[in-house]
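>>> build me a model:
(one chain, ligands or ions: 1)
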Amino acid sequence: MGNTEALRHQRQNYQPQLPPVLQDIEGACLRANAEAPPTTPLPEHFPSTQGLPHLQVAALEGCSASKAPRVGVVLSGGQAAGGHNVIIGLHDALLRRHGCVNLIGFLGGPSGILDNEVVELNADVIAPYRNQGGFDMIGSGRTKIESPEQFAAAKKTVEALQLDGLVVIGGDDSNTNAALLAEYFKAHNTPCAVVGIPKTIDGDLKTEDVEISFGFDTACRTFSEIIGNIARDALSAKKYTHFIKLMGRSASHIALECALQTHANVTLIGEELARNKATLRDVTKQIADVIAARADAGKNYGIVLIPEGIIEFLPETKLLISELNALLAKESKSFDALATPEDKAAFVVKNLSEEAASCFKAIPQRIQQQLLLDRDPHGNVQVSKIETERLFIASVTEELAKRKKERTFSGKFNAQPHFLGYEGRSALPTNFDANYCYSLGFIAALLVEQEATGYIAAIRNLAGPVDEWQPAAVPLASLIHMETRKGKEKPVIKKAMVELEGPAFKHFATQRNQWEVNDAYTFPGPIQFFGPQDVTDQVPFSLALEQTTPVV
Ligand code: FBP
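Residues are numbered from 1 along each chain as shown. Reported below is the predicted structural model:
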């Protein structure tokens, strides 16, 4: 019988690559980066942690380890491949610098901090997770540490555990939390350094200094493999147009990266549609035009990529969602008391503005129900659960039927819906994510040991070979700006959206016309761990383009 775990075991033996300055972790130090002056846009929110310098990891004469720190680590939010390697990097760096490790993991995400639920992370516990996907070593969660009581509970826990450092592995919101916790601990004389690590498959935690979040590469490569397989099937069967929704929340980074990797016929980019003030009707027409042009060329098949957050960008669906959120928050009692889905639909139609109600009535019943029933604990529409791929299949079917009647479309249209998300979040990390995460763990170990609180670990020049990576740390407070969240102004890390003037989008924009009717699909195949380096050690195409490396 074969060994179904053979690859997993081989991966456990992979030794992640480190940039030179981290290879010699025993002699590594942090020093201020003179070229990046300290900036704190909102000093009033960070009186104790404002004005911190940007840091670089360097090998300095006479640099040596100080006392072995006691460190807690937490995984926060959705899974992203490589999280285990951050923890293992942290462990290995502490061991190499101090000869011993005092590392504990908070169970189930930030709630583990509030409830002081922990597990000791020693060499035996972490060993099975080397270079493995998922967050199952300690679990994750979406609890936010926001209220004064929660901050006080976090302080109580780190004091009870005598932690010198807390490493928060999370996305924009979790790193905002890390910035606020660092400030709170400093202001309350709790000597625990809080360090953030950029995690999320969505790719929306990104700045000039934080080039990419981990997990994005593995997720996009997994999705692109599947899209390539579907494209090959479409080319063979020649009878389906596949509508593929891709996870990624509001930003369309994943859709853009997958488009660059697979050359799908149509890829919607939410940020572009918003800039063009495109309506549902415009997008339907755009997709139908490509399907009709392909049909004229004898191609009754194709691939359409749809980012998860698209309906937040189209004016009428955006208005509908915001009115629904407000209405159902205000009228939750009367709404919940209604017995049937039909009664609920009638109730909202009666209470929405004319514009929002007509948008609601125009969308398929199945999607109407999702808008009304799949709501988060705050009562808001769960945008990620809306089957936009089916929404567009319905609207394009209608449009093409109309064109058929008018004799402007004579092709065939058979659609297949897909949703890619969970398939890519916990896959075996690519070499890029495995190396990146292991290195981030090393940087976090240095930051905690040197009491550098309020920083996010980062690496510059990530599109280059690992030998040329430049480990660094960026003050979290320098990334914070004010934003309206649930009707209140809050200091938060800004979500990075697709930059329409950036090289990745511009490259896509110059190529996409050729991908519409030509069958220019590329077939990336599965992530590879063995073989030539140009196959195993690829970097995300959008990152390469941003760092002016050509992609093919
Ligand atoms: P994070 O922002 O926490 O990294 O979440 C990533 C993500 O995969 C999103 O793309 C997606 O919308 C969301 O998680 C789904 O999360 P859940 O499975 O908890 O509903």
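>>> in the longest helix along the chain, which residues are buried?
Longest helix in the chain, counting residues (DSSP state H): helix 216-237. Buried residues in helix 216-237, counting neighbours by 16 or more other CB atoms under 10 Å, are found at 216-228, 230-231, 234. For every residue, glycine as well, the C-beta is placed using N, CA and C.
>>> nearest to residue 53, of the residues you listed?
Nearest to residue 53, judged by CB to CB, of the buried residues of helix 216-237 is residue 216 at 27.8 Å.
>>> for the spatially closest residue to residue 177 that is not a sequence neighbour, helix, strand, or coil?
The shortest distance from residue 177 to any residue other than its chain neighbours is 5.2 Å, reached at residue 145 (CB to CB, 6 or more residues apart in numbering). Assigned with DSSP: H, G, I helix; E, B strand; the rest coil, residue 145 falls in the coil class.
>>> could you number the chain from 27 rather than 1 from now on?
Happy to do that; since the first residue is 27 now, the last one works out to residue 171.
>>> what sits against residue 171?
Applying CB atoms under 8 Å, 6 or more residues apart in numbering to residue 171 gives the contacts 136, 139-140, 177, 180, 203, 206-207.
>>> want to throw the residues you listed into JSON lines with distance to residue 568, pLDDT and neighbour count?
Below are those laid out as JSON lines (distance: CB to CB, whole Å; pLDDT from 0 to 100; neighbours: other CB atoms under 10 Å):
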{"residue": "136", "distance to residue 568": "30", "pLDDT": "97", "neighbour count": "26"}
{"residue": "139", "distance to residue 568": "34", "pLDDT": "98", "neighbour count": "31"}
{"residue": "140", "distance to residue 568": "36", "pLDDT": "97", "neighbour count": "19"}
{"residue": "177", "distance to residue 568": "36", "pLDDT": "97", "neighbour count": "19"}
{"residue": "180", "distance to residue 568": "35", "pLDDT": "98", "neighbour count": "23"}
{"residue": "203", "distance to residue 568": "27", "pLDDT": "95", "neighbour count": "28"}
{"residue": "206", "distance to residue 568": "30", "pLDDT": "96", "neighbour count": "23"}
{"residue": "207", "distance to residue 568": "31", "pLDDT": "97", "neighbour count": "27"}
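>>> what helix or strand does residue 79 sit in?
Under DSSP states H and E, no helix or strand contains residue 79.
>>> where does the stretch 377-526 of the chain dip in pLDDT?
Applying pLDDT under 70 to the stretch 377-526 of the chain flags the ranges 400, 403-405, 512-513.
>>> and the residue of it found nearest the ligand, its phi and psi?
Relative to the ligand, the nearest point of the stretch 377-526 of the chain is residue 410 (3.7 Å; CB to the nearest ligand atom). Main-chain torsions, residue 410, degrees, to the nearest 10: phi -70, psi -20.
>>> need the nearest residue in space to it, chain neighbours excluded.
residue 334 (5.5 Å).
>>> cool, and residue 133?
That would be residue 143: by CB to CB, 6+ apart, it lies 4.4 Å from residue 133.
>>> burial of the one you found, as a residue count?
Neighbours of residue 143 under the rule other CB atoms under 10 Å: 15.
>>> just to check, it is in contact with residue 134?
Yes. With contact defined as CB atoms under 8 Å, residue 143 counts as touching residue 134 (6.6 Å).
>>> next up, identify which helix or strand residue 429 is on.
helix 414-431.
>>> what does that helix rub up against?
Applying CB under 8 Å, 6+ apart, the external contacts of helix 414-431 come out as 269-271, 306-307, 309-311, 313-314, 317-318, 330, 332, 334, 336-337, 389-390, 392-393, 435-437, 439, 441, 443-445.
>>> ok, which of those also contact the ligand?
The subset of the contacts of helix 414-431 within reach of the ligand, by CB under 6 Å from any ligand atom, is residue 334.
>>> past the helix holding residue 429, which element shows up next along the chain?
Where DSSP H and E defines the elements, the next helix or strand beyond helix 414-431 is strand 441-446.
>>> what's the helix or strand following that following strand packed up against?
Note on strand 441-446: by DSSP H and E, the next helix or strand toward the C-terminus is helix 448-451. Packed against helix 448-451 by the contact rule (3 or more CB pairs under 8 Å, 6 or more residues apart in numbering; DSSP states H and E) you find helix 242-263.
>>> ok, now which ones touch the residue of the stretch 127-276 of the chain at minimum distance from the ligand?
Using CB to the nearest ligand atom, residue 226 is the residue of the stretch 127-276 of the chain that sits closest to the ligand, at 3.3 Å. Applying CB under 8 Å, 6+ apart, we find residue 226 in contact with 103-104, 106, 196-198, 239, 241-242.
>>> check what pLDDT residue 577 gets.
At residue 577, the pLDDT value in this model is 58.
>>> give me the contacts around stretch 254-262.
266-268, 270, 287-288, 290, 327-329, 444, 545, 547-551.
>>> got the CA coordinates for it in PDB?
Extracted C-alpha coordinates of stretch 254-262, given in PDB (Å, rounded to 0.1, in the frame of the first residue of the first chain):
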ATOM      1  CA  GLY A 254      -5.700  26.200 -15.000                       C
ATOM      2  CA  ASN A 255      -7.200  22.700 -14.700                       C
ATOM      3  CA  ILE A 256     -10.700  24.100 -15.300                       C
ATOM      4  CA  ALA A 257      -9.400  26.000 -18.300                       C
ATOM      5  CA  ARG A 258      -8.000  22.800 -19.700                       C
ATOM      6  CA  ASP A 259     -11.300  21.100 -19.100                       C
ATOM      7  CA  ALA A 260     -13.200  23.900 -20.800                       C
ATOM      8  CA  LEU A 261     -10.800  23.700 -23.800                       C
ATOM      9  CA  SER A 262     -11.400  20.000 -24.000                       C
END
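>>> let me see the mean pLDDT of it.
Here the average pLDDT along stretch 254-262 is 98.
>>> for it, the distance to its chain's centre please.
Its chain's C-alpha centre and that of stretch 254-262 lie 27 Å apart, by CA atoms, centre = their mean, to the nearest Å.
>>> so how far does stretch 286-297 reach from one end to the other?
End-to-end span of stretch 286-297 (CA to CA, to the nearest Å): 16 Å.
>>> same deal with stretch 480-497?
16 Å.
>>> list the buried ones in that stretch?
Neighbour counts over stretch 480-497 (16+ other CB under 10 Å) mark 480-486, 488-489, 492, 495-497 as buried.
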